[in-house]
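Asks: my questions concern the predicted model and sequence given below.
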Amino acid sequence: MGTRFDDRSDAGRQLAAVLTQFREQPDTVVLGLARGGIPVAAAVAQTLFLPLGTVLVRKLGIPGHPETAFGALAWSSGRTVRILNRPLLDRVLVHGVTQADLKHVEDLERTELRRRADLYLESEPSVAGKTVLLVDDGLATGATLRAAVAAVRASGAASVIAAAPVGSVDAEASAEEVCDAVFCLHLPGKFRAVGLFYRNFAQLTDQDAIAALTRG
């Protein structure tokens, strides 16, 4: 394993090189998963001359282990879509996590999702009848991507293509279950974290993400 990308924009340009069949295609739109996927998506959209937007997502992390998702939320066209990892939920409930604990996590994430929806309102293009390229900076578990797929399909997307610079084998397989196609540049056998594949993987603010959408 080694560094593959200078930053998210570099990753997007490399990703665009395997997506040339979508270049200037009518009724095709690129959506970056907020926040980290937006600069990647912006570079993809700019290279392929496609419209750019975002889909808002929030991971539902297990209390005490927030990086492990028991589900995810996504916002599209004024509605919130929730997906859950039922087998994992059953296991964590057996090991002492309560339904109240999980509800508290979900309530917090729903509040944050609504806050962001107000900020990013003008960055949600219509996807009805369109091919949607869903772009993220990496696929760790696939939970947020699956929520994003469910959200854009509920909004009428004709087909959904997932694209990421790097991902785990399990996340890529999970994406294939719900997408029409998946493009992932690197699928390392030993995957620990998306950020390890970037020289610059700074956390993005809402202002950073909105600026990237505006430039795109």
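Replies: Everything's here; your move.

Asks: what's the mean pLDDT across the longest helix belonging to the chain?
Replies: Ranked by number of residues, the top helix in the chain under DSSP state H is helix 99-119. Helix 99-119 carries an average pLDDT of 95.

Asks: parallel or antiparallel, which strands does the very next helix or strand once past it pair with?
Replies: Downstream of helix 99-119, the next assigned helix or strand under DSSP states H and E is strand 131-135. The pairing partners recorded for strand 131-135 under DSSP bridges are strand 28-34 (parallel), strand 159-166 (parallel).

Asks: picking that back up, what's the longest helix of the chain packed up against?
Replies: Packing partners of helix 99-119 (3 or more Cβ pairs under 8 Å, 6 or more residues apart in numbering; DSSP states H and E): strand 52-62, strand 65-76, strand 79-84, helix 86-94, helix 206-215. The C-beta positions use only the backbone N, C-alpha and C, and glycine is treated the same way.

Asks: cutoff 6 Å now
Replies: Judged by 3 or more Cβ pairs under 6 Å, 6 or more residues apart in numbering; DSSP states H and E, helix 99-119 is in contact with strand 52-62, strand 65-76.

Asks: of all the strands paired with strand 131-135, which one is nearest Glu112?
Replies: Of all those, it is strand 28-34 that lies closest to Glu112, at 10.9 Å by Cβ to Cβ.

Asks: now the element after that closest one, going C-ward?
Replies: helix 37-48.

Asks: which one is Asp180 nearest to, not counting chain neighbours?
Replies: Ser159 (4.4 Å; Cβ to Cβ, 6 or more residues apart in numbering).

Asks: now what about the longest helix of the chain, what contacts it?
Replies: Residues outside helix 99-119 that contact it (Cβ atoms under 6 Å, 6 or more residues apart in numbering): 56, 58, 60, 63, 73, 75, 206.

Asks: at 8 Å what do you get?
Replies: Applying Cβ atoms under 8 Å, 6 or more residues apart in numbering, the external contacts of helix 99-119 come out as 34, 56, 58-63, 70-71, 73, 75, 80, 82, 89, 92-93, 206, 210.

Asks: kindly report the same for stretch 203-210.
Replies: With contact meaning Cβ under 8 Å, 6+ apart, stretch 203-210 is reached by 34-36, 38-39, 54, 116, 119-120, 123.

Asks: same thing but 6 Å
Replies: Against stretch 203-210 from outside (Cβ under 6 Å, 6+ apart): 34-35, 38, 119.

Asks: many thanks, we can stop here.
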